[in-house]
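Colleague: Build me a structure from this.
(one chain, ligands or ions: 1)
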Amino acid sequence: MRGRGLRRRVKEDLDRLDRALGRPPRRPRRPPLDELILTILSQNTSDLNRDRAYRALRRRFPSWEGVLRARAADVEETIRVGGLARTKSRAIQEVLRRIRRERGALSLDHLRTMPMEDARAYLRSFRGVGEKTARCVLLFSCGRPVFPVDTHIHRIARRLGWVPAAATPERTHQALAALIPSDRCHAAHVNLITLGRRTCRPRDPSCPSCPLRPGCRFAAGARQARARGDRARSSRPRPKSARRGPGIDRGLY
Ligand code: SF4
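Modeller: As a prediction, this is how the structure comes out:
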C-alpha cells in the first residue's frame, strides 16, 4: 500500500490508538539544552534509570557550567546508574564545550526559532546525537512538529506494514515524517511507545488484545500461518492408536 491509501490507513491506526490509550498529556517543557542532555542520558536505558542519572547530575552540579568544569571522572561517576556512563559523560561535556565555544553561553534556546531543517542538522552535528535524539529535543522541548522513531516505533511500523519489513531506522524516520500528520506527532510518538512496551513487545506481541490488530500485517501473517498449520494437521492421516475408541484405561485418563 502506498500514497493516499497508506496515509489513510495510518490515520485509522492512530485513531484506534487514541481511542484505546487516550491523548497523552504533554510533560512540562524543559529548555532545549536540558532536553538534549536528558535524551543523551536516555540512550540504552530505561526511563527510570535515565531520570535517576539526570537527577543525580543536577543535584551534584546545579548548573551546566558546573558539569562543564567538572572532572570527567566525576561526571561519569555521577551518572553511572544510567549505564554507558563513560560514553555519555564524554558526549555531555563535549556538547557543553562546543556550545560554550560557538555561542558564548550554555543555551540552545535559539533552536526554538531556527528553521526546522537547520535546527535538526545542527543537533545532528554533535557527536553522539542521532536522528532520534535531535527530533526528541525539537518535539518535546521546542514543541516543533517532528516525529522521532525509537526502537519500539521502528518495530511496530514494520509489523503494521507502514514501512517495508526490511526498512532501516533511517528509512522509517523518512517514511513516517511523511505519514504522521504534524498535529499528531506528540500523541502518536508517546502512544506508540506505550504500545511497544505493553503490547507489541519484541518477542511475544500480544496481538489478540492489540487495538491495531485489524490492519496489522504481522498479525494477519500469524493468523494465516496458524490456519495453514491447522489444515496440514487435519489432512494428515491419524495414527491407528488415535482412531481407536477409548479403552477402559483411556476413558479414565
Ligand atoms: S497486532 Fe500484534 S504485531 Fe500488530 S501492532 Fe498489535 S501487537 Fe504488534
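Colleague: Can you pull the residues of the stretch 51-200 of the chain lying near the ligand?
Modeller: Neighbours of the ligand within the stretch 51-200 of the chain, by Cβ under 6 Å from any ligand atom: 156, 159-160, 199-200. C-betas here are computed from N, CA, C, even on glycine.
Colleague: Between these, which sits nearest the ligand?
Modeller: C200 (3.1 Å; Cβ to the nearest ligand atom).
Colleague: Quickly find the element holding the closest one.
Modeller: Using DSSP states H and E, C200 sits within no helix or strand.
Colleague: neighbours of it, just the number please.
Modeller: 24 (other Cβ atoms under 10 Å).
Colleague: Quickly note the distance from it to H152.
Modeller: As judged by Cβ to Cβ, to the nearest Å, C200 and H152 stand 7 Å apart.
Colleague: Show me the two of the residues of the stretch 51-200 of the chain next to the ligand that sit farthest apart.
Modeller: Pairwise distances across these (Cβ to Cβ) peak at 12.3 Å, for the pair L160 and T199.
Colleague: which stretches of the stretch 151-253 of the chain have low pLDDT?
Modeller: 238-253 (pLDDT under 70).
Colleague: Now with 90, please.
Modeller: 221-253 (pLDDT under 90).
Colleague: can you give me the helices in it?
Modeller: Here the stretch 151-253 of the chain has its helices, by DSSP state H, counting those that start in this stretch, at 151-160, 169-179, 185-198, 217-235, 240-243, 248-252.
Colleague: who wins for proximity to G130 among those?
Modeller: Of all the helices of the stretch 151-253 of the chain, it is helix 169-179 that lies closest to G130, at 8.7 Å by Cβ to Cβ.
Colleague: Which neighbouring elements make contact with that closest one?
Modeller: Contacts defined by 3 or more Cβ pairs under 8 Å, 6 or more residues apart in numbering; DSSP states H and E place helix 169-179 against helix 3-21, helix 131-136, helix 151-160.
Colleague: Flag every buried residue along the first one.
Modeller: Pointing back at helix 3-21 there. 6, 9-10, 13-14, 16-18, 21 (16 or more other Cβ atoms under 10 Å).
Colleague: Ok, the shortest one next?
Modeller: Buried residues in helix 131-136, counted by 16+ other Cβ under 10 Å: 131-136.
Colleague: Just the C-alpha atoms of that helix, please, in CSV.
Modeller: Output of helix 131-136 as CSV, limited to C-alpha atoms (Å, rounded to 0.1, in the frame of the first residue of the first chain):
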residue,chain,number,x,y,z
GLU,A,131,18.3,11.4,14.4
LYS,A,132,16.0,10.2,17.3
THR,A,133,17.8,12.4,19.9
ALA,A,134,17.6,15.5,17.6
ARG,A,135,13.9,15.0,16.9
CYS,A,136,13.1,14.4,20.6
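Colleague: If you count contacts, what does that helix end up packed against?
Modeller: By 3+ Cβ pairs under 8 Å, 6+ apart, helix 131-136 packs against helix 32-41, helix 116-124, helix 169-179.
Colleague: Hey, what's the angle from the second one to helix 32-41? Just curious.
Modeller: What it means is helix 116-124. For helix 116-124 against helix 32-41, the angle by axes from the mean of the first three to the mean of the last three Cα atoms, to 10 degrees is 50 degrees.
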